[in-house]
Every structure is written in structure tokens, then in C-alpha cells.
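Peer 1: Quick one: sequence plus predicted model below, questions after.
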Amino acid sequence: MRVYLLVMLVAAAVTFLTTPLARWLALRSGAITAVRDRDVHATPTPRMGGVAMLLGMAVAMVLASRMPFLEGVFTGSNQAWAILAGAAMVCVLGAADDIWDLDWITKLVGQVLAAGFMAWQGGVQLFSLPIAGLTIGSSYLSLGVTVLAVVVAINAVNFVDGLDGLAAGLIAIGGSGFFVYTYLLTRDISSTDYSNLASLVVAVLVGACLGFLPHNFHPARIFMGDSGSMVIGLTIAAAAIVVTGKIDPGMVSDRQAIPAFLPIALPVAVILLPLLDMGLAVVRRLGAGRSPFQPDRLHLHHRLLEIGHSHRRAVVIMYLWTAVFAFGAAALAVWTTTTVLIALGAGVLLALALTLGPLRGKVRGAPTARGAS
């Protein structure tokens, strides 16, 4: 555990220290989010924080590769480096979008290429699902399902990145729950080797998000931009793919029979709010006869602003919802199903009370946000 925490700390420190450099690059290159009618920031704000996040992740991964404890993660497979390469590819794509505002088709093609490279060259693919031993028989079908899963995760995170500190905080919190689960399950299966690629990737990602948050929390001095949302979306998807189907249900103890399906359920819980937000946005826009990629002001975080929550409180409430579902799912690895359901119910009631309760201020009228997606 201490090794993972050290790697997480390194990713956070490098990201924190290099974010001012990313801000300078954004200002020099014109990667600046102007103030529009639908925005909440009062002054034009640079956006290219994903560059600093990628640097933090890269330095942490290189350091991890030199640690004896994690040696097995890097030997015999290039999955770790393929994930980092895929993150670098979408970071470059996102940085180009931050500067030149690429059209959605170009971004989608770039995302598919990055996901395809990571899957085809690095072997980061979904070969099986921990549901009734389901195996994906065709290599091409496996590649297609993998690319689809990665692209969906990338865009889900991008859709929810609409308030200062929101996307980075959601992934940091949800990723922490994911890390706890992968670490505990690996420890339960192997009593001698606790190293695990999924745990490493999530630890590095959580560290990068935590390092970026001080610069990004309201009022933000820099936005992560597409260079950041694409990186964290691809990385959390890659960690989910690595752990999904890798756990043999027969090796899981009877006490943990229920968590056998968690490798697929927990990643969904981690990005449940982004997935829900994206799904609602696509249905809403298609129903109105518009492109699903056309921005609007009706995201979940916009709704929180509309019913009277402040910027910061809306972000914290979404943090709470993510924590409830992510840690609720991870708790199945150590608690009984009944205990988890009771705790989950209590958490949902608390989150609901804070969302709809008396802490709300006066209704602000039309919802506003940075409106990236």
C-alpha cells in the first residue's frame, strides 16, 4: 500500500508543480476559454491542464517501473506503457482542440485511433466478462467492444466537465474507491504479490487529479480542457478493462462471491454520474432534433445551479453522490451485501437531502456553466 501511496504522491506533486507551466503554454498558444453567455467564469481562463496531468502520470509511471515491488507489472507485458501512450495521444488531440476547437468528427476519429492503438498494440482489451463466464470469442469483436468502451468513457468525462473542479474531483473520489477494491481483491487472491496494474494506473490517475485540483477548484485559474478530460477518461477506462475479466471467480472466496461481478460493476459506479449525464444529454438533444455533440445548459450540474445551489456546493454535492456509489460498490469486497445495502441506502438519503434540502439558496433562473459539452 505504501508504494502505491508514494506513486500517487509523486503524480500529485509533479502535476501540481507543472500546472503553472501548462497555464503559461495555454496563454502563449491561445488555448483560452472566452466568456460566453452560458459561462460562469468572469474572465477568460486558460485551458490545457491536461498537459500537466499527463506529465504527472508519466513521471509517476517511470518511477513505478523502477520499484522492485511493481516489477512484475512491467515485465512480460507492455500494457502499462500502452496505456500511457494512449493517454499521450488523446492529450495531444485534446490540446489541439483546446487551441483550435476541432470539430467533433475529428475528435471522435482521434479517440478511436488512440483506443485502438492501446488495445491492438498494448493488449489492453476486453476478452471476457465476469458474468456467467462470458467470453468474447472474436478478436475483432473484442477490439471493437474495447474501443467502444474507451470512447464512451472519454466522452462521459468530457460531458460532465462543466464546473470548476468537477471532473477532476469526481475521478479522484471514484478512482479512490476503485483503487481500494482492486488492492483488496488482489490481496485476497494472492498472499505473496500485491502488485497489480489496475491499482497502479488508478493510483497514478488519482494523484494527477488531486495535484490539479488546487489550481482548478472554484474559482479556477486553469481548466483541464479536452486535453485533461480525454486523458482521465481513457485512463479510468483502461484500468477498468485491465481488471475486468482478469479475476477468476473460482479464486474468489465464498465470502466474496458477490464481488465476482464487481470488476465490471465498479468502474460503472465510478463514472456513474458522467455516464448518466451523457446518456440524458444524448437523448435530450436527439429528441430535439439536434446533434448529440451540440452544447447546451441542461446538464446535471446545471440543474443544481438552477435549483439554487452555489457553484462550490453543486460540485461538492456531485462529489458526494460519486462517493456514495463508488465506495458503496467497493464495500462489497469486505462487507456483506445486506450491510452494504443499508449503508448505501443511508448514503443515498443523505445525498438526496443535501441535494433537495434547505441548504439551497434562491433559484438563479436559467442554468449557467462553462458549457464545454
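Peer 2: Noted; the coordinates are in hand.
Peer 1: which residues touch the host helix or strand of residue 318?
Peer 2: Residue 318 is part of helix 311-330 when elements are defined by DSSP states H and E. With contact meaning CB atoms under 8 Å, 6 or more residues apart in numbering, helix 311-330 is reached by 40, 163-166, 169-170, 173-174, 176-178, 180-181, 184, 217-218, 262, 265-266, 269-270, 272-273, 300-301, 304-305, 309, 340, 343-344, 347-348, 350-351, 354-355, 359. Backbone N, C-alpha and C define where each C-beta goes, glycine included.
Peer 1: and residue 290, how many residues sit next to it?
Peer 2: 11 (other CB atoms under 10 Å).
Peer 1: again, but for the one 3 residues further on
Peer 2: Residues contacting residue 293 under the criterion other CB under 10 Å number 17.
Peer 1: on that earlier part again, buried ones in the helix holding residue 318?
Peer 2: In terms of neighbour count (16 or more other CB atoms under 10 Å), helix 311-330 has its buried residues at 311, 313-315, 317-319, 321-330.
Peer 1: ditto for stretch 288-308
Peer 2: Applying 16+ other CB under 10 Å to stretch 288-308 flags 293, 295-297, 299-306 as buried.
Peer 1: which SS state does residue 124 fall under?
Peer 2: Secondary structure state of residue 124, per DSSP: H, G, I helix; E, B strand; the rest coil, is coil.
Peer 1: contacting residues for it?
Peer 2: Listed by CB under 8 Å, 6+ apart, the contact partners of residue 124 are 79, 82-83, 86, 118, 146, 238, 241-242.
Peer 1: Just the buried residues of those residues.
Peer 2: When these are checked for burial by 16+ other CB under 10 Å, the buried set is 79, 82-83, 86, 118, 146, 238, 241-242.
Peer 1: so where's this protein shaky on pLDDT?
Peer 2: For the chain, the stretches flagged by pLDDT under 70 are 35-42, 129-135, 137, 188-193, 245-264, 359, 361-373.
Peer 1: where along it do the helices fall?
Peer 2: Secondary structure of the chain by DSSP state H: the helices cover 2-29, 50-65, 71-74, 79-100, 104-122, 139-160, 166-189, 197-216, 225-243, 262-270, 272-287, 300-306, 311-330, 337-356.
Peer 1: residues near residue 99, how many?
Peer 2: Using other CB under 10 Å, residue 99 is surrounded by 18 other residues.
Peer 1: Residue 32 is in contact with that one, correct?
Peer 2: No - Residue 99 lies out of contact with residue 32 (CB atoms under 8 Å); the separation is 9.3 Å.
Peer 1: that older thread, which one of the contacts of residue 124 is nearest to residue 45?
Peer 2: Among the contacts of residue 124, residue 86 lies closest to residue 45 (CB to CB), at 27.4 Å.
Peer 1: between the helix holding residue 318 and helix 166-189, how many degrees?
Peer 2: If you take axes from the mean of the first three to the mean of the last three CA atoms, to 10 degrees, helix 311-330 sits at 20 degrees to helix 166-189.
Peer 1: sorry, back to before: ok, and which of the helices of the chain has the densest surroundings?
Peer 2: Most buried of these by mean neighbour count (mean count of other CB atoms under 10 Å) is helix 225-243; its value is a mean of 29.
Peer 1: Compute the inter-axis angle for it and helix 197-216.
Peer 2: If you take the same axes, to 10 degrees, helix 225-243 sits at 160 degrees to helix 197-216.
Peer 1: mind checking how far residue 197 is from residue 319?
Peer 2: 27 Å (CB to CB, to the nearest Å).
Peer 1: repeat for residue 304
Peer 2: Distance of residue 304 to residue 319, given as CB to CB: 12 Å.
Peer 1: Residue 353 too?
Peer 2: Residue 353 is 15 Å from residue 319, by CB to CB.
Peer 1: residue contacts, residue 15?
Peer 2: Counted by CB under 8 Å, 6+ apart, residue 15 has contacts 52-53, 55-57, 207-208, 210-212.
Peer 1: so which two of those are the farthest from each other?
Peer 2: Largest separation among those by CB to CB: 55 and 210, giving 14.5 Å.
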